[in-house]
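>>> 3D, please:
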Amino acid sequence: MIGLYFPMTCVLAGAMLGLGMLAGCRSQSALSFPTIAPGFPFQNNGPTTAVSYNARGVQRLQVRNVSGALEDFREAVRLEPENARFQLNFGWTLVLLQDYETALVALNRAVALNPNDPEAIWKRGVARRFLKDLGGAMDDYTQALELDPASVGARANRASLQLMLGHWKEAEEDFTLALKQGPNADFFAGRAEGRINLHDLIGANLDLSQAIELNSKDSTLYIRRAQVRSTLLDYPGALRDLDMAVELKPSEARYYWLRARLRHALHNHVGAQQDYESALRLDPTLRDKIPKSEEPI
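A predicted model of the protein is given here:
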């Protein structure tokens, strides 16, 4: 069996907060959906009330003007500090801008004003997770799901945290439930991570294939599937995946290194040497970062 060493850097992100996700894959940030409470029309000459500031903030967020949205939500909560929705929008935008401590203050306020709002609770969980309060984050995700079992945001974020904590079965179950709400590349990739660690490589391979169908431009998905396929002794499939990863991201030295190892094991020594040289040309320090036993030649 040919082992493909690669320190995976999780797979959850996409249109969400920038997340990454999993233990053993891309980063370990939360699944964070940039949903926001609905706004209302505001006057053409600019907002003058809390409602109209909130509405413009929503519109700005929709076009990714996050800093502009923050200022509008800040003004909305200044004018109406007891409005739970405005506090929620303000706090969530602070999460998007990675000001987690200030976000937590606003989201605590939103939950205090409306303690039965599952959206406010799970979004507070995201802030807590980034602040490394993993127990508090888990409690928030679970409480939100008790209030709304169909909450995809709460479900997917809890699944991601379960992976981070090494709770593979629980993560697999949460991702499965999240996928019942509709196909999602990040959720398939997340469930694959759980299944890999549960030694269900066939299931992981199927999940990664589903993820790739939904997001065929993510090179990390091909790398992860190549690892799984190599373990399953599907070396031609693994090599095709590595070829695609290199095509998608030709500046990534480690991809050439992985392909060099596989080519060398398959006795394509010329191809392996070319990949090895390409890897070191892109990153001359790579030799020092990889264990000696993992050198392809």
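>>> can you pull out the helices in the stretch 51-200 of the chain?
Taking DSSP state H, counting those that start in this stretch as the criterion, the stretch 51-200 of the chain carries its helices at 66-79, 84-96, 100-113, 118-130, 134-147, 152-164, 168-179, 185-197.
>>> which helices and strands does the fifth one pack with?
Which is helix 134-147. Packing partners of helix 134-147 (3 or more Cβ pairs under 8 Å, 6 or more residues apart in numbering; DSSP states H and E): helix 118-130, helix 152-164. C-betas here are computed from N, CA, C, even on glycine.
>>> now tabulate these in TSV and tack on mean pLDDT, distance to residue 182 and mean neighbour count.
Formatted as TSV, those follow (pLDDT from 0 to 100; distance: least, Cβ to Cβ, whole Å; neighbours: other Cβ atoms under 10 Å):
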stretch	mean pLDDT	distance to residue 182	mean neighbour count
helix 118-130	97	18	27
helix 152-164	97	8	27
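>>> same list, the ones you listed, but as CSV with distance to residue 258 please.
Below are those laid out as CSV (distance: least, Cβ to Cβ, whole Å):
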stretch, distance to residue 258
helix 118-130, 31
helix 152-164, 23
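>>> quick revisit: closest one to residue 225 among the helices of the stretch 51-200 of the chain?
Nearest to residue 225 among the helices of the stretch 51-200 of the chain is helix 185-197 (8.3 Å), distances taken as Cβ to Cβ.
>>> chain center to that closest one: distance?
Its chain's average C-alpha position is 11 Å from that of helix 185-197, according to Cα atoms, centre = their mean, to the nearest Å.
>>> show me what contacts residue 132?
Going by Cβ atoms under 8 Å, 6 or more residues apart in numbering, residue 132 touches no other residue.
>>> tell me the spacing between it and residue 49.
38 Å (Cβ to Cβ, to the nearest Å).
>>> what of residue 192?
Going from residue 192 to residue 49 by Cβ to Cβ gives 48 Å.
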